[in-house]
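[1] I would like the atomic coordinates for the input below:
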Amino acid sequence: MQLAAHGHPARRMALGQRAEILVSERGGRVYGPFIDGEDALGWAPNAADLEAALAERAWNIGGERIWLAPEGLFNYADPARLLETYRVDAAFDPGRWRLHAAGKGVRLALAAEVPLTNGRGSVVVDVSRDIQPLPERTEEGVTIVGYRQHIELRQISGPPLPLVPWLVRQVQPVGTAFLEAVEGARAQAVFGSPPGAALLAKGGWWRVPFQGPGFFKTAHHRAAVGGGRIGFLGPGPSAVAVLYIPVTARIADYPESLPQDAEATGQFASLFYDEGRFGAYGEVELYGHRTPDGMGRLDLDTLLLTGPEAAVSRRIGLA
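    I've put the predicted structure just below:
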């Protein structure tokens, strides 16, 4: 990554088994996990595009990021023309994140005034993102390393709104996204033409190919996702997978809604795939929840699993 060349502090965090992540102040990003310097699953723009994005303070620089939700308050002016009216305000991304050491891990923090869409004013928020390594272990022939995140979002001023952190991880278009499901669960199409596998869950999971032609986003309700495990599995006989295990809350604590139906709150996760319109990548996305004291929160473990494909699938629960 060419972050240091542009004056963006970053810290490496060792996870064990030759794996590490890179935490960057630029955009509050997490990159990796890298194994021996290679990131098998994460997406980032090519060198020329990354150079331009860094210079222009653009947001699409890959990795794992935190945005604000509900999305309709900040990112699109017209739900009927979502893509045509979509924008990302630079006050939040790239924003002015600060990166500090915290025990064996790191802490990212951001204080920002972010405008609402359609001239509805602005809000001032404080975001903290604590990232700590987890102990490495081997189970059933699968090597597991990872990190734990505790993300808090507090609104300091502006009209009182049900704000929560929204985690987005960009992934390579070369594998399969998966999301835990209850029996008979269905997802909603946000835009594009999702394949059937992204809409109707089978065998306790949505298993969605992120490869080949396609452009779509789906929304998955809290009532439909069970424990809420979500991730991405790369191809090959020696498999690599990233698995997110979130701490879940009641349906009523999730304020994200469908763009086409503002009353359809309780949305928990989204899957996005783009064959090339915005950069040829996929995304797995998780929305945070509200706490009784009015704070937005997201707590989760991120695990990197490596080993034979059958063993990795069994360990996740896909097989």
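
[2] how about low-confidence regions in the stretch 1-150 of the chain?
    Residues of the stretch 1-150 of the chain that meet the criterion pLDDT under 70 lie in 1-7.

[3] helices of that one, start to end?
    All helices of the stretch 1-150 of the chain, identified by DSSP state H, counting those that start in this stretch, fall at 47-56.

[4] repeat for the stretch 151-300 of the chain
    With helices called from DSSP H, counting those that start in this stretch, the stretch 151-300 of the chain shows them at 196-199.

[5] how much space between the nearest residue to L68 once chain neighbours are set aside and A91?
    Take L68 and drop its neighbours on the chain: the residue closest to it by Cβ to Cβ, 6 or more residues apart in numbering is F74, 5.2 Å away. Just so you know, the C-beta spots here come from the backbone N, C-alpha and C atoms, and that holds for glycine as well. F74 sits at a distance of 10 Å from A91 (criterion: Cβ to Cβ, to the nearest Å).

[6] got a list of what the residue nearest to L68 touches?
    Applying Cβ atoms under 8 Å, 6 or more residues apart in numbering to F74 gives the contacts W67, L68, D89, F92, V114, P115, L116, T117.

[7] how about these in JSON lines, adding neighbour count and distance to P259?
    JSON lines is the format used below for those (neighbours: other Cβ atoms under 10 Å; distance: Cβ to Cβ, whole Å):
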{"residue": "W67", "neighbour count": "19", "distance to P259": "15"}
{"residue": "L68", "neighbour count": "25", "distance to P259": "15"}
{"residue": "D89", "neighbour count": "18", "distance to P259": "18"}
{"residue": "F92", "neighbour count": "25", "distance to P259": "19"}
{"residue": "V114", "neighbour count": "20", "distance to P259": "19"}
{"residue": "P115", "neighbour count": "17", "distance to P259": "19"}
{"residue": "L116", "neighbour count": "16", "distance to P259": "16"}
{"residue": "T117", "neighbour count": "17", "distance to P259": "12"}
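
[8] in TSV, list these along with distance to A219.
    Formatted as TSV, the contacts of F74 follow (distance: Cβ to Cβ, whole Å):
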residue	distance to A219
W67	15
L68	17
D89	22
F92	21
V114	22
P115	24
L116	21
T117	19
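
[9] so in the protein, which strand runs the longest?
    strand 122-139 (DSSP state E).

[10] that strand: how far from the chain's middle?
    12 Å (Cα atoms, centre = their mean, to the nearest Å).

[11] just confirm W67 contacts V168, I think it does.
    Yes. Counting by Cβ atoms under 8 Å, W67 touches V168, with 6.2 Å between them.

[12] residues contacting E136?
    For E136, the contacting residues are L15, G16, Q17, T143, I144, V145, by Cβ under 8 Å, 6+ apart.

[13] ugh, typo on my part, it should be P162
    P70, P255, R290, G296.

[14] intersection of neighbour lists for F74 and A91?
    Residues touching both F74 and A91 (Cβ under 8 Å, 6+ apart): V114, P115.

[15] now G204: closest residue in space, sequence neighbours ignored.
    Excluding the flanking residues, the one nearest G204 by Cβ to Cβ, 6+ apart is A181, at 5.9 Å.

[16] stretch 59-76: end-to-end distance?
    Using Cα to Cα, to the nearest Å, the end-to-end distance of stretch 59-76 comes to 16 Å.

[17] roughly how far is that stretch from the heart of the chain?
    How far stretch 59-76 lies from its chain's middle: 9 Å, per Cα atoms, centre = their mean.

[18] kindly report the same for stretch 276-285.
    In terms of Cα atoms, centre = their mean, the centre of stretch 276-285 is set 12 Å apart from its chain centre.

[19] got the CA positions of it in CSV?
    The C-alpha coordinates for stretch 276-285 follow below in CSV (Å, rounded to 0.1, in the frame of the first residue of the first chain):
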residue,chain,number,x,y,z
GLY,A,276,-17.0,-3.6,-13.3
ARG,A,277,-19.3,-0.6,-13.1
PHE,A,278,-17.5,0.8,-10.1
GLY,A,279,-14.4,-1.3,-10.0
ALA,A,280,-15.0,-5.1,-10.2
TYR,A,281,-15.4,-6.1,-6.6
GLY,A,282,-17.8,-7.4,-4.1
GLU,A,283,-18.8,-6.3,-0.6
VAL,A,284,-20.1,-7.9,2.6
GLU,A,285,-21.8,-5.4,4.9
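
[20] buried residues in that stretch?
    Across stretch 276-285, burial judged by 16 or more other Cβ atoms under 10 Å covers G279, Y281, G282, E283, V284, E285.
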